[in-house]
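Participant: Model the structure of this input:
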Amino acid sequence: MSGIKKLAGQTLWYGGSTIAAKFINYLLTPYLTYTLANASDYGKMGIIYSAIPIFNIIFTYGFETAYFRFASKQEYKNSIYSTASLSLFFSTIVFTLILWYNQSILAGITGLNGFPKMIEYSIIVIALDALSTIPFARLREQGRPKKFAFVRVAGILINIFFTWFFISYCPNAMKDHSNNWVSIFYDNKTNPIVYVVLANVIQSAVTLLLLGREILEIRFRFDTKLWKEMMIYALPLIIVGMGGMVNETFDRLMLRWWLPGKVEYREQQVGIYNACYKLSILITLFIQAFKMGAEPFFFKQAESENPQRVYARVMKFFIIIISIMFLVVTMFMPVWKHFIGPKYWSGLSVVPILLLANMFLGIYYNLSVWYKLSNKTLSGAYITIAGAAITIILNYIFIPHFGFTACAWTTFFCYGTMMVVSYKWGQKAYRIPYATKKLVAYMVIVVLLFFIHKGIVAINKNVFLDVISGAVLLFAFCWFIALIERKELVKLPVVGKYFIK
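Facilitator: Prediction:
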């Protein structure tokens, strides 16, 4: 269990700070959904923040994962950081200039030609985030969680402050003639969402400044041989990353492209879907936290004795946790729905579908260890391309008929397919003894409990009964898991000492 304890510690520190930062950032969701005048503005935000990750993948071209892969090799200890940093520094300058002088590319993808400032701010965010990628990776690789956590959380707090400043304070200050200083940088005729992206620019800039010490550690030491090896390893990861972003965020763009009706209506639907997607917060935050701790852990664990057994145990605990999280959200939807404004509640039916889809995605991230450790990143690219093809084809066929519901089910089938294919392929290339039947049974059980709860609520539509019955079913599942996994749970210090007698 020592390996799992180590991963838990890394997930707690690096992932925990990411959870804290992301959760604080998610607090902007209720603020913006209640504050913005209409859902179409929130839809525009969803569109631009669906495009930015695509360009993030291009700007970083898989070098974060490549950094972890080669940093563990002693021969590259002295050159890996500078080589990776210099590569990203110069490529970011080139990519930024290309994108800046061809802004119509980003404007055309998002359909936001009428918001040139937002396009410019987005390009700056993409560039600044790319420059901070390797310094952040260095903090994780060196085991410096406090600095990592501080920079992450501080950046988000700055974002929230300036979002509030631009959205709430500045409009009121403009009404007060004694506060004319605000007019120097604020125009109340500009759509508020432009200032949301501007707040993101300030966050990214301050984050880079806080990483100043790590940036100053970069030396003009470029190892051409190492760089070529990193590029060979990383290039397939661009396809993996691009396909992943297509599967994860591109549906908002496709919803705007292919949904019939006027532009404002389409953007409203994007806003509703984007807001409801945020309700999968518990699972998505945990998955992001897990990824932060797992990637460096998996590579280091590969050098130990029988790492496959550790990977199998990690998968077991991972599925147990996300299954419980699925129930926590679905059983208490009357509470969670207040996280977004009432005008977005018409999309709540897609939340359970998206939760299951994200469970599949999290399992896929676990499974991806086989092609990363065996240097078969091209295999990961093939799987992701297949997922992207499913995303594009199904959305193209069904969005005109079913709107954002089609997006949700497409996400479900996409991640489900990637999960199954990765499992089948991975077991042949790098066998890991997963307790497959048991883990599938756990997931089936939580889905059955969800439908039982839906049946109880349908018979007697009472909010109090809804919450109470949900709590009982959640407790029953947790008790069931405690009984089945008793031998494993007692090995965990806290659980074994206080809960499992």
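
Participant: so where's the stretch 1-150 of the chain uncertain?
Facilitator: Within the stretch 1-150 of the chain, the segments meeting pLDDT under 70 span 1-27, 37.

Participant: do that again at 80, thanks
Facilitator: 1-43, 45-46, 50, 72-77, 110-111, 140-146 (pLDDT under 80).

Participant: can you map out the helices along it?
Facilitator: Taking DSSP state H, counting those that start in this stretch to define them, one finds helices in the stretch 1-150 of the chain at 2-10, 16-26, 28-35, 39-60, 63-71, 80-100, 103-110, 116-142, 145-164.

Participant: Report the buried residues of the third one.
Facilitator: If I follow you right, that is helix 28-35. Leu28, Thr29, Tyr31, Leu32, Thr33, Thr35 (16 or more other CB atoms under 10 Å). Using the backbone N, CA and C atoms, a C-beta is placed for each residue, glycine as well.

Participant: Looking at these, spot the one nearest Val151.
Facilitator: Set against Val151, the nearest of those by CB to CB is Leu28 (18.9 Å).

Participant: isn't that closest one right next to Thr163, touching?
Facilitator: Yes: taking contacts as CB atoms under 8 Å, Leu28 lies within contact range of Thr163: 6.0 Å.

Participant: wait, which of the helices of the stretch 1-150 of the chain is closest to Cys478?
Facilitator: Per CB to CB, nearest to Cys478 of these: helix 2-10, 18.5 Å.

Participant: With distance to Glu229 as added columns, please give the buried residues of helix 28-35 in JSON lines.
Facilitator: Formatted as JSON lines, those follow (distance: CB to CB, whole Å):
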{"residue": "Leu28", "distance to Glu229": "41"}
{"residue": "Thr29", "distance to Glu229": "42"}
{"residue": "Tyr31", "distance to Glu229": "46"}
{"residue": "Leu32", "distance to Glu229": "44"}
{"residue": "Thr33", "distance to Glu229": "47"}
{"residue": "Thr35", "distance to Glu229": "49"}
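
Participant: Just read off the phi/psi values of Asn375.
Facilitator: Main-chain torsions, Asn375, degrees, to the nearest 10: phi 60, psi 30.

Participant: residues near the residue nearest to it when sequence neighbours are not counted, how many?
Facilitator: Spatially, and ignoring its direct neighbours in sequence, Asn375 is nearest to Tyr233 (6.7 Å; CB to CB, 6 or more residues apart in numbering). Neighbourhood size, Tyr233 [other CB atoms under 10 Å]: 18.

Participant: now swap in the one 4 residues further on and tell me
Facilitator: When neighbours are defined as other CB under 10 Å, Leu237 has 26 of them.

Participant: One more: Phe90?
Facilitator: 11.

Participant: Same question for the one 5 residues further on.
Facilitator: Neighbour count for Phe95, taken as other CB under 10 Å: 20.

Participant: who's in contact with the residue lying closest to it once chain neighbours are set aside?
Facilitator: Excluding its sequence neighbours, the residue lying closest to Phe95 (CB to CB, 6+ apart) is Phe59, at 5.4 Å. By CB atoms under 8 Å, 6 or more residues apart in numbering, the contact set of Phe59 is Leu88, Ser91, Thr92, Phe95, Ile126, Ala127, Asp129, Ala130.

Participant: Next: Ile167.
Facilitator: Tyr31, Leu32, Thr35, Pro192, Tyr195, Val196.

Participant: let's see it at 6 Å
Facilitator: Pro192 (CB atoms under 6 Å, 6 or more residues apart in numbering).

Participant: Phi and psi next, for it.
Facilitator: Backbone torsions of Ile167, given as degrees, to the nearest 10, read phi -80, psi -40.

Participant: now do the one 3 residues further on
Facilitator: Taking degrees, to the nearest 10, you get phi -60, psi -50 for the backbone angles of Cys170.

Participant: doesn't Ala137 make contact with Phe148?
Facilitator: No: counting by CB atoms under 6 Å, Phe148 stays clear of Ala137, with 10.0 Å between them.

Participant: I'd like the average pLDDT over stretch 410-417.
Facilitator: For stretch 410-417, mean pLDDT rounds to 93.

Participant: Just the CA trace of it, in CSV.
Facilitator: Extracted in CSV, the C-alpha atoms of stretch 410-417 (Å, rounded to 0.1, in the frame of the first residue of the first chain):
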residue,chain,number,x,y,z
THR,A,410,-22.2,11.8,-27.5
THR,A,411,-19.8,12.6,-24.7
PHE,A,412,-21.0,9.4,-22.9
PHE,A,413,-20.5,7.2,-26.0
CYS,A,414,-17.2,8.8,-26.9
TYR,A,415,-15.5,8.3,-23.5
GLY,A,416,-17.1,4.9,-23.0
THR,A,417,-15.7,3.7,-26.3
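
Participant: Could I get the buried residue list for that stretch?
Facilitator: Counting neighbours by 16+ other CB under 10 Å, stretch 410-417 gives Thr410, Thr411, Phe412, Cys414, Tyr415, Gly416, Thr417 as buried.

Participant: Then stretch 442-455?
Facilitator: Tyr442, Met443, Ile445, Val446, Val447, Leu449, Phe450, His453.

Participant: got those as TSV, with pLDDT, secondary structure and distance to Ala275 columns?
Facilitator: As requested, these are exported to TSV (pLDDT from 0 to 100; DSSP: H, G, I helix; E, B strand; the rest coil; distance: CB to CB, whole Å):
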residue	pLDDT	secondary structure	distance to Ala275
Tyr442	94	helix	29
Met443	94	helix	26
Ile445	95	helix	29
Val446	94	helix	24
Val447	95	helix	24
Leu449	95	helix	26
Phe450	94	helix	21
His453	92	helix	23
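
Participant: Run a quick neighbour tally on Leu86.
Facilitator: Neighbours around Leu86, by other CB under 10 Å: 18.

Participant: Just the helices from the stretch 351-500 of the chain, written as ranges.
Facilitator: 351-367, 369-373, 377-402, 404-429, 436-459, 463-484, 486-489, 493-498.
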